[in-house]
Structures are given as structure tokens and as C-alpha cells.
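Engineer: structure of the sequence below:
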Amino acid sequence: MESSSERVTLQQLARRLGLHHGTVSRALRGHPGIAAETVRRVRELAKALGYQPDPYLAGLSAYRQGRRAPHFTGTLAWVTNWPTRDGWRSNHAFPQYLDGARRRAESLGYKVEEFWIREQGRGAEAALRVLQARGVQGLLLVPQPESHTRLDADLSWFSAVTFGTTLEAPELNAVTSHPYRTMIALLEKLRELGYRRPGLAASWFHEERVNRMWSAGFWAYEAERGRRRGVVPPLLMERLDGGDERGFFGWLRKHRPEVVIATDHGKVRAWLEGAGWKIPEEIGLVPPITSDNSWFSGMNENGPVMGAAAVDLLVSMLHRNERGVPEHPQRVMIKATWVEGKSVRGQ
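Structural biologist: Prediction:
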């Protein structure tokens, strides 16, 4: 057995397994051209011997790869868990995640394929067995349709990254915006534009998807400015649709915010304009975060950047042979940026 005080090398793994060192290297990266049984054998021995990639050689390899056109390395699965195959596309941000992920993956030699785990009524465990049989080892999990979602599946074969905070278990490495800081940055920008009485109108559905950080950021900002009285209390409702219109206008008339930060901003715009309000002349309207700034001003979450960051994180995990549920999950937070639209007064 090799000395435990020395770094275990690819060549040592290859000798123990009777394989070429190139085969061992590709097996550790999950290359689709390597048989699943070979991948299993290589990874089991690598784990048993405590193999870790040499960071200097990895850096040299990345440098060399960056100087030549990428070659196909493998497939990453874009895993969706919505009731319908394309239901996830109803959120305008998620296709932007996919676009960014695909562009970044292609630059690294990977392709991204969509995979709906509910197809034919199967569960998550059965769906992941299909991916394992195909030799797919990298998963990008799209945000879940509901908050606090739990997936009962064995991920020990896979490296996996998700988006946001809707997946409660298993707890994975994730790429997300920073709702708390985004709310504070939004309020600072609105104040810069002259608004002194902002109001937050949020559905519990959207609040739960971000662990209530919209309202937390709102209250923290007002407290930081020393405002104890005169603050417009947030309107938190089950969902800002249907019968909630009366409650919204009751809140609006009572508290008279100068600008409304609304999670269901499209619905609120229709209500306001239907009641004769002029936006932005009589009232401003912004979402807490947005991916579509064709009309609304607001904080853009930069969906393509989030998708690219998720691929960077996932590929680095594949290279390091990090599989399963991490002991200490990481969060990569992407900063949102202000974009000018037509829904608030200009400077």
C-alpha cells in the first residue's frame, strides 16, 4: 500500500486498478465514454485511499483547456419537478437560468439536457436511476414549484446544485439571489429617486419562497433609518389575486404609500390602472426582484449570470469528485442590479 503521508496520484490508482491513468482521470470526472462499473470501481478506490486532485495540475489543465476549443466532456441534467413538463417556464427567470447555464456549459465542453422527473408518473428515485443508467452525473435542480419541498432520492452517485431556497431537503449547494440585501438596495434606490413612503405588498406564497426575507429586509431598512412611526406596514396576504383586490385597495387608501413594492406586480399594475391610477405620475410600482425590465423598473436578478455560476460550481464539484449531499452546503449569491423602466419617477 502507498504511504499515507504522500499524496495519492492518478498513476497509483491506475496501477491498483490495472487501468490507464487517462481512463482513471476520465472516470473521476464522470466522462460518458467510461462504463458505469469502471467509474464505480475508480471512485471507491479513490475514496478509500483519500485521493485528492493536485490543485497545481488542475490549474494547468484548466489553463490548457482555455487555450483550445472545448471538446465534449459530458452531459449535465436540467432537472425539473413541476406538475407539467414546461410548468417551470411560467417563471420568467428560470429560462434565463437555463440560457446562462447552457452557454457556460458549452464553453466547458458540456451540454445541458432538460429532464422532467415526473414523466410517466415516476418518482424522484426512479427518475434518477434513469440518469444514472445514462451516465449523467451532474444535476442542476430548477427551483421547486412549492416552498419546503423534500425530494426522497439517493444522490450518492451525483454532484448536484440547485437554485434558491425552495428545496428544503436534501440540502444542496445552491446559487441564489440575496433577497434581504436586494430589498435594502431597492429601498435605497427608491429613496434616491425621492420616494419617502414605500409600501410592501407581498403574498405569503412569494414570502415563503425566500424564507420571508423580503419583509425582513423592509423592516430592517426602516429600523436602520430610525423610523419608529409613520412606516407603511407591509401588506402580507395569502395570494395577491382574486378576492385580495379589495384588501389591497383598503391598505392603499389607509396608508398612502408613494411607491408599492409588489411581489405580484403584474396583477397589481392591472388593479391600479383599472381603478384609474396613473403609474408613475400618481404612484410608483416595482417588484422586489425581476427578470423582465421591459416596463418595470427594479432590481434585476441577472438570471443568465446565476445559470453560469451554477455550472461553474457543478463542474468544479465533478472535478473534485464531490458526490451526494454535502456536509456543509455552500451558497453562491449573485448581486442584483438596478435597471430603469417606466414604473417609477426618473431622477
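Engineer: use CA for all of it now, contacts and neighbours both
Structural biologist: Noted.
Engineer: state the next helix or strand along the chain beyond the helix or strand Trp214 falls within.
Structural biologist: Using DSSP states H and E, the element containing Trp214 is helix 213-224. Downstream of helix 213-224, the next assigned helix or strand under DSSP H and E is strand 235-237.
Engineer: counting contacts, what elements does that next one pack onto?
Structural biologist: strand 198-203, helix 244-255 (3 or more Cα pairs under 8 Å, 6 or more residues apart in numbering; DSSP states H and E).
Engineer: need these in a markdown table (columns: distance to Thr84 and mean neighbour count).
Structural biologist: Shown next, in a markdown table, are the helices and strands packed on strand 235-237 (distance: least, Cα to Cα, whole Å; neighbours: other Cα atoms under 10 Å):
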| stretch | distance to Thr84 | mean neighbour count |
| --- | --- | --- |
| strand 198-203 | 23 | 24 |
| helix 244-255 | 27 | 14 |
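Engineer: reformat those as TSV; add mean pLDDT and distance to Trp78.
Structural biologist: Shown next, in TSV, are the helices and strands packed on strand 235-237 (pLDDT from 0 to 100; distance: least, Cα to Cα, whole Å):
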stretch	mean pLDDT	distance to Trp78
strand 198-203	95	28
helix 244-255	92	35
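Engineer: now the ones you listed as a markdown table including distance to Arg269?
Structural biologist: Shown next, in a markdown table, are these (distance: least, Cα to Cα, whole Å):
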| stretch | distance to Arg269 |
| --- | --- |
| strand 198-203 | 12 |
| helix 244-255 | 11 |
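Engineer: what's the closest of these to Phe296?
Structural biologist: Closest of these to Phe296 is strand 198-203, at 15.8 Å (criterion: Cα to Cα).
Engineer: run the chain-centre distance for that closest one.
Structural biologist: How far strand 198-203 lies from its chain's middle: 23 Å, per Cα atoms, centre = their mean, to the nearest Å.
Engineer: do the same with stretch 289-302
Structural biologist: 16 Å.
Engineer: in that stretch, what counts as buried?
Structural biologist: 289-293, 296-302 (16 or more other Cα atoms under 10 Å).
Engineer: can you give me the domain assignment for the protein?
Structural biologist: Structural domains assigned to the chain are 10-66, 74-177+303-337, 179-288, following automatic domain parsing.
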